[in-house]
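In: how would this look folded up:
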Amino acid sequence: MSPVLYRDVLEQHVEEAAFVWLRRAAAALSPAHDSPALAEIDERLDAHIDGVRIASEDGLAVCEAALEDSEPGTVFTLLVRALEAADAGRIDKVLALADTSAPAARGAISALAWVPVDVARKTIDALLSTNGPDARLRLGIAASSARREDPGAALREGLSRDDLRLRARALRAAGELGRLDLLPLVRAQIGAADEGCAFWGAWSAALLGERSAHAALWTIADRDGALREPAAMMAARGPDVREGRGRVEALLAWPESARIGVKAAGALGDPSIVPSLLESLTKPDLARLAGEAFTTISGVPIERSLVGEAPEGAPSGPTDRPEDTDVAMDPDWQLPWPSAPAVRRAWSERENGFRRGVRHFWGGPISADGLASVLSRGSQRARSWAALELARLSPGRPVVEVRARSR
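Out: Numbering: from 1, shown residues only. The predicted structure is shown next:
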C-alpha cells in the first residue's frame, strides 16, 4: 500500500471512530435503541479503533493530528489509544485540552470509562490526587463515577472545594454511587446559590432517601433554566404522589411548560394523570411525547394499531430548503405518532386494572422485579429511568450506568 493511501485509510478510521462515537452518545439514552442495538454500535466503534490500533505509532500520530478540532469523538479515539499505549505525553496533551474544553472533557471521560480498568487505573488515580487542580479532580471524579467506581477520599475533597463546577460534579457522583455517608454534605447544598450545586445536591439527596429534596427540586422546576426539566422529572418521583400530580398538572396548564409537564407525568407514573396525557395526544408539539409517557405508565407501546399519521403542520425538523432558517432537530423524531382515538380505546379497556394514586412503571406498580425487567429489555431511555427507580427503592445502591460499554 502506498504511503498516501495508507495515511488515507488511517484518517478514515479516525474520522469514522469520531462519527460513530457521536452516534453512540446519541443512542445511549435514545428511545429507539436498546442494549443489543447499543452493542452493535460498540462493535463498529471498536472496529475503527482497531484499525488505528494496528497501525501503532502511525495511528497515534494521525489521531493527534486530528485533535485540532477538539471534537469529543476525536478526543475519545486519541485518548483510548494513548491509554492503551501508555503514552504519557499524549495522555497529558488530551487532559490539558479537557481542562478547558467541555466537549473535550466529554470525550476524555468517555475514553476513561471505555478502556479496561487496568488500562485506566494509573491515569484515573493521578486525576484523583487531592493535591491536584480542580479541573483534573473534576475529570477524575467524573471518570470514576462513569465506571461506577468509588473515588474514595477524592469525592469528599471535591465536595469541599470552592470550584462550583467541581462541587456540582462531586454532588452528582455522590448520588450516582449511592454514597449514603456523604448525605450530610449533599444535603447542605440543597438550596445553594449556585443552580448547578443546588440541583445536583437535591438530585443526589433524593436518590439517597432525603424526602425534603423533592421540594427543592420542585422549586427549581418552577423557574426558567436549563435544569428545569431534569428537576421536574426527579421531583415527580417523590414519595408524595398527590402533590406530584398537582405540580405536574400545573406544568401541563401552561404552553411554555407543557413539554416538561408531559415528561414529568411519565416520571410520576400515577394513572390519575393519564387523562391529561390523552388530551395532550391532540397537540402536535406534545403528541409523541405524550404517547411515550402513556407507555411508561401503562406498559402499552405505541405500535401497530396505536400508531397514527403525523398531523398537518406537525414539527418535522430542518429541511433542505436554503430559505429555511430553522435548523433545529425535531426533539421527538425517534418517537412514533400515536393515534389519539386508538390510545384512548386502549386505555379505556385497561384503566380499571390500575390503582390511582400509586406510582406505576411500564404497566404495574413500581417494584424491583418490574424495574429489572425493563432494565434488561427496555429502550435505552427506559433503562435509564428504571435505573433511577431501582436506586430510589434502595437508598445507597449505585445507579446502574446504562451507557456503559456493552462488553
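
In: Asp150 touches Glu176, doesn't it?
Out: No - under the criterion of C-beta atoms under 8 Å, Asp150 makes no contact with Glu176, lying 10.5 Å away. Just so you know, the C-beta spots here come from the backbone N, C-alpha and C atoms, and that holds for glycine as well.

In: Pick out whichever of these two has more residues nearby.
Out: Using other C-beta atoms under 10 Å, the more surrounded residue of Asp150 and Glu176 is Glu176, with 24 against 15.

In: give the contact list for the more buried one.
Out: If a contact means C-beta atoms under 8 Å, 6 or more residues apart in numbering, then Glu176 has 145, 148, 204, 207, 398-399, 401 as its contacts.

In: and with 6 Å instead?
Out: Each residue near Glu176 by C-beta atoms under 6 Å, 6 or more residues apart in numbering is listed here: 145, 399.

In: roughly how far apart are it and Gly225?
Out: Separation of Glu176 from Gly225 (C-beta to C-beta, to the nearest Å) stands at 22 Å.

In: check contacts around the closest residue to Gly291 other than its chain neighbours.
Out: Leaving aside its sequence neighbours, Gly291 sits nearest to Pro338 (C-beta to C-beta, 6 or more residues apart in numbering; 3.6 Å). Residues in contact with Pro338, defined by C-beta under 6 Å, 6+ apart, are 281, 287, 291, 302, 306, 308.

In: of these, buried ones?
Out: Buried members of the contacts of Pro338, counted by 16 or more other C-beta atoms under 10 Å: 281, 287, 291, 302, 306, 308.

In: so how far is Gly308 from the first one?
Out: It refers to Leu281. Distance check for Leu281 against Gly308: by C-beta to C-beta, it reads 9 Å.

In: Mind jotting down where the strands sit in this protein?
Out: Here the chain has its strands, by DSSP state E, at 360-361, 364-365.

In: now the helices for the stretch 201-350 of the chain?
Out: Using DSSP state H, counting those that start in this stretch, the helices found in the stretch 201-350 of the chain span residues 213-221, 228-235, 241-252, 258-268, 274-280, 287-298, 340-350.

In: for those helices, which one sits closest to Gly73?
Out: Ranking the helices of the stretch 201-350 of the chain by proximity to Gly73 (C-beta to C-beta) places helix 228-235 first, at 24.5 Å.

In: how far does the closest one sit from the chain's center?
Out: Between the centre of helix 228-235 and the centre of its host chain there is 13 Å, according to C-alpha atoms, centre = their mean, to the nearest Å.

In: got the angle between that helix and helix 213-221?
Out: 160 degrees (axes from the mean of the first three to the mean of the last three C-alpha atoms, to 10 degrees).
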